[in-house]
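Asker: I need the structure of the sequence given here:
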Amino acid sequence: MRVFVIGFTKKQPNQIKRTAYAQTAQVRKIRQTMVDVLTKEVSKGDMKELFEKLVAGSIAEEITKSVESTFPMQNVFLRKVKIVKAPKFDLPRLMDVHGDGAADSGKAIAKVDEGTVENIGTAGGRL
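Answerer: Numbers count the residues shown, from 1 in each chain. Coordinates of the predicted model:
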């Protein structure tokens with residue numbers, strides 16, 4: 001699995017400048033911390049737990065907290081997740097994750113006939 005993360009630096013509370021750039025050593029340390037947090041979170045559980053964390057955004061919050069000591073960050077997001085190698089197909093596990101499909105079957109609705117649309121004489125689409 002390949003995960004792409006994006007994050008932006010945040011201004012200090014007493015900062016006057018409009019921009020807040022991190023130095024190169026800080027950028028390298030931030031990236032290393034992001035990689036460490038991602039590998040820890042991804043290897044911790046199975047795919048179902050991982051996707052729940054991805055949807056909830058808890059991994060991005062964890063990255064923001066762990067990077068805070070190096071440089072304050074804001075708007076840290078998991079931008080993209082690519083599955084490099086498809087997992088093995090396991091039917092019982094798939095049914096365990098999604099259920100048998102009978103719980104959310106819905107019900108049929110009646111089709112309503114609202115008649116035909118009449119041609120309205122206009123200026124050929126011009127107003």
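Asker: For this structure, just list every one of the strands.
Answerer: Along the chain, counting by DSSP state E, strands occupy 2-9, 73-82.
Asker: Include mean neighbour count, distance to residue 98 and mean pLDDT when you put these into CSV, please.
Answerer: C-betas here are computed from N, CA, C, even on glycine. What follows is the strands of the chain, written out as CSV (neighbours: other CB atoms under 10 Å; distance: least, CB to CB, whole Å; pLDDT from 0 to 100):
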stretch, mean neighbour count, distance to residue 98, mean pLDDT
strand 2-9, 14, 23, 90
strand 73-82, 14, 19, 89
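Asker: Switch the ones you listed over to a markdown table; also include distance to residue 16.
Answerer: Supplementary listing: the strands of the chain in a markdown table, determined by distance: least, CB to CB, whole Å:
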| stretch | distance to residue 16 |
| --- | --- |
| strand 2-9 | 16 |
| strand 73-82 | 18 |
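Asker: Dihedrals phi and psi, residue 112?
Answerer: phi -100, psi 130 (degrees, to the nearest 10).
Asker: and it, how many neighbours?
Answerer: 5 (other CB atoms under 10 Å).
Asker: and residue 114, which of the strands of the chain is closest to it?
Answerer: strand 73-82 (43.3 Å; CB to CB).
Asker: For the lowest-mean-pLDDT helix or strand in the chain, which outside residues touch it?
Answerer: Every helix and strand of the chain was ranked by mean pLDDT, DSSP states H and E. The lowest is helix 91-98, at a mean of 76. Helix 91-98 has contacts (CB atoms under 8 Å, 6 or more residues apart in numbering) with residue 48.
Asker: Can I get that helix in PDB, CA atoms only?
Answerer: Extracted in PDB, the C-alpha atoms of helix 91-98 (Å, rounded to 0.1, in the frame of the first residue of the first chain):
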ATOM      1  CA  LEU A  91     -14.700 -15.100   0.400                       C
ATOM      2  CA  PRO A  92     -15.500 -15.800   4.100                       C
ATOM      3  CA  ARG A  93     -13.600 -12.700   5.100                       C
ATOM      4  CA  LEU A  94     -15.300 -10.600   2.500                       C
ATOM      5  CA  MET A  95     -18.700 -11.800   3.700                       C
ATOM      6  CA  ASP A  96     -17.600 -11.100   7.300                       C
ATOM      7  CA  VAL A  97     -16.700  -7.500   6.300                       C
ATOM      8  CA  HIS A  98     -19.700  -6.700   4.100                       C
END
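Asker: Perfect, I'm done here.
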